[in-house]
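*Asks:* Predicted structure and sequence below. I'll ask about it afterward.
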Amino acid sequence: MRNSLYFYYLTLNLFKDKKKLISTILISSIIIFLLSSIFFIQDSIKASLKSTIKNQPDFIIQKNRGGRQVDLPLDWIDKISQIYGVTSITPRVYGRYYFEDKKKWALIIGVDFLEDISNKELEKIFKDINLKEFIKGSNMIVGSEVYSYLKSHFYNKDYNFLSPNGEFIKVKIYKVLPKELALNYGNVIITSLDLAKKILGVDEDKISDIAINVANKDEWANIEDKLNALFYDILVVSKDDIKRAYDNIFNFKGGIFLSLFLITLTTFMLILYQRYSLVNLDEKKEIAILRSLGWSVKDILKFKLFESLISAIFAFLIGVLSAYIFVFIFNAPILKDIFLGDSNLKNSVIFIRVVDFSTIATIFILFIIPFIASILIPVWKIAISSPKEALK
Amino acid sequence: MIKIKNLYKKFKDFEALKSINLEINDNEVVILKGVSGSGKSTLLSLIAGFDKPTSGVILIDNEPISKLPDLHLSRFRFKNIGFVFQNFNLIKNLTPLDNILAPLIPYEKSLQKAQKKALNALKVANIEHKAKEIVANLSGGEQQRVAIARAIINSPKYLLFDEPTANLDKNNSLLFLDLVKKLKNLNKTIIIATHDPIFDKLEVEFKTIKLEDGRVYE
Ligand SMILES: Nc1ncnc2c1ncn2[C@@H]1O[C@H](COP(=O)(O)OP(=O)(O)O)[C@@H](O)[C@H]1O
Ligand SMILES: [Mg+2]
């Protein structure tokens, strides 16, 4: 076998000091585990938000009075449909519903199934549902967080909503949304448009807002102008506005991720510094011995590079794999609280599996460069000094 | 052949070697004598290229060892020079066999060939029976023989010993003298730095060089 001697000596050296090998791999893989977990969660949330934004309607039209959003008349729909270029108009009814103890709330979304559904994610959800049956009865589709709340209060099949005019409305739990949608739909209740109006106390001839889609993006500014000309007390929210709002929230959270990440990295450096700035006496002596036996500085560096690469790759695989299991299978306990701390749905969020090759590459580079450097620099320093000094 | 011309070695203000001029012929045995601190180890380490002289030259087979760049020097050392340290400098948690493979790693590819060479060297140094024990468990005399085996694994022409009997009892010291005879018969050029009078009993022809305060008195 070619190079069998080199390989033999490499493994011999790796396993010669098992304590050192295990501690190096252990410390490194913990760091990589933390780094990868943070990156995986970040990527997953980013992907969820991205798909939310993608599924938003192009414009949302709201009515404002005194800076507060109020319901708007149903007949605006007819007026909007006159605007050339608008491809779909969806009247929407929604609002917060506070449960008895007032601590928990759900977002009730009324959907008019006779119209086009402007939200593509919802469209997916309704694909395998008998719509006619759903609309006819007093039914609701609930998010996973809402469902666990209801269940904990022994509402397993239906719930009695209390409308603003004091009426009880019994609504059957028709379906529970999968946990994978929890980040966006965890605390959502979907009902028919009429039922939502009743529960939220919206007048028969009113709606909360209107979502419209426009085929041609070049028309956006034009259509926004036309809408503003049509109604004087209107607020037009474009997809770009929503995207900006999400970006703001995410950048804020991104800051938290970044500081977490920096803390990890600093700890990593400190540990490595402690470990290798005092390259132990045995290692120092060994390098000097090898030099005295005819190893050049290059021979030493090459050997140590291979040696540290092997343990680094081991640690990397262990760290990334366990982070994958931790985030995507166990759903990142503890770390999740840090990421979604203020949210009212942290218990039912499931991180969708997104693993980006560039993320893995970033983690690898962030880890391997300081790791290898922290080993090779002190080794090089020892190797270039006279073996006579180190062998005293 | 080793030629040393006008060699000086300074450590800061202290002159450890002063104006050394020497010639050592092939297959010669040289006993480098002198009290502790006279400069014996310093001279040996300059000959082996572990350290650079302050001025002067050392030519080994016409190679200016003190002026070679690192890679060249390392290759030269591997091919031509075996060094046995006073405290042996073995890797204690490896076996003798694995210890003496170490010089071959950058140069030899086949594990089988290397192990064959190693066993052969252990045989010459009379320590093959302990080839697979852990070095830390061997006696001083045994460890020295492992160190000698490592020094001769690549059949270098020159062998340098620094205080080879300092860590040995009388019996082992006499065994070492026998080994020197054996090595001379293998055509080695041998330099032994020592202040041990036991070398008067050496049964081969040898030259004595006396060092005093960093100067040679032949
Ligand atoms: N690296 C060094 N720095 C300063 N002084 C040294 C160094 N190495 C040796 N010396 C000094 O040089 C002199 C000769 O040392 P050495 O060659 O070890 O003597 P010997 O081997 O004959 O006992 C001693 O006085 C010693 O203290
Ligand atoms: Mg000495």
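*Replies:* Received the coordinates, thanks. Ligands and ions are numbered 1, 2, ... in the order given.

*Asks:* Quick check, residue A:236 in contact with residue A:57.
*Replies:* No - using C-beta atoms under 8 Å, residue A:236 is not in contact with residue A:57; the gap is 11.5 Å. To be clear about C-beta, it is placed using only N, CA and C from the backbone, and glycine gets the same treatment.

*Asks:* more neighbours, those two?
*Replies:* Set residue A:236 next to residue A:57 and count neighbours by other C-beta atoms under 10 Å in any protein chain shown: residue A:57 wins out with 23 against 17.

*Asks:* Tell me the confidence at that one?
*Replies:* Note on residue A:57: pLDDT of 83.

*Asks:* And for residue B:218?
*Replies:* With respect to pLDDT, residue B:218 scores 67.

*Asks:* got it, and residue B:167?
*Replies:* On pLDDT, residue B:167 comes in at 88.

*Asks:* where's it relative to residue A:181, distance?
*Replies:* To residue A:181, residue B:167 is 76 Å away according to C-beta to C-beta, to the nearest Å.

*Asks:* Identify the residues contacting the closest residue to chain B within chain A.
*Replies:* Going by C-beta to the nearest C-beta, chain B is nearest to residue A:294 of chain A, at 2.8 Å. With contact set as C-beta atoms under 8 Å, 6 or more residues apart in numbering or on different chains, residue A:294 has these partners: B:74, B:75, B:77, B:78, B:79, B:81, B:103, B:106, B:107, B:154.

*Asks:* go on, residue A:168?
*Replies:* Going by C-beta under 8 Å, 6+ apart, residue A:168 touches A:160, A:161, A:162.

*Asks:* Can you pull the phi/psi pair for it?
*Replies:* Backbone geometry at residue A:168, expressed as degrees, to the nearest 10, gives phi -90, psi 130.

*Asks:* so residue B:205, which of the three states?
*Replies:* Three-state call for residue B:205 (DSSP: H, G, I helix; E, B strand; the rest coil): coil.

*Asks:* wouldn't it be in contact with residue B:30 here?
*Replies:* No - using C-beta under 8 Å, residue B:205 makes no contact with residue B:30, being 11.0 Å away.

*Asks:* of these two, who's got more company?
*Replies:* Neighbours per residue, other C-beta under 10 Å: of residue B:205 and residue B:30, the larger number sits with residue B:30, 19 against 9.

*Asks:* ok, and the closest non-adjacent residue to that one?
*Replies:* Residue nearest to residue B:30 in three dimensions, not counting chain neighbours: residue B:191, with 4.7 Å by C-beta to C-beta, 6 or more residues apart in numbering or on different chains.

*Asks:* Pretty sure residue B:211 sits in a strand.
*Replies:* Yes - counting by three-state DSSP, residue B:211 falls inside a strand.

*Asks:* separation between it and residue B:46?
*Replies:* According to C-beta to C-beta, residue B:211 and residue B:46 sit 13 Å apart.

*Asks:* Also residue A:92?
*Replies:* Per C-beta to C-beta, residue A:92 is found 90 Å from residue B:46.

*Asks:* more neighbours, the two?
*Replies:* The residue with more neighbours, out of residue A:92 and residue B:46, is residue B:46; 25 against 22, by other C-beta under 10 Å.
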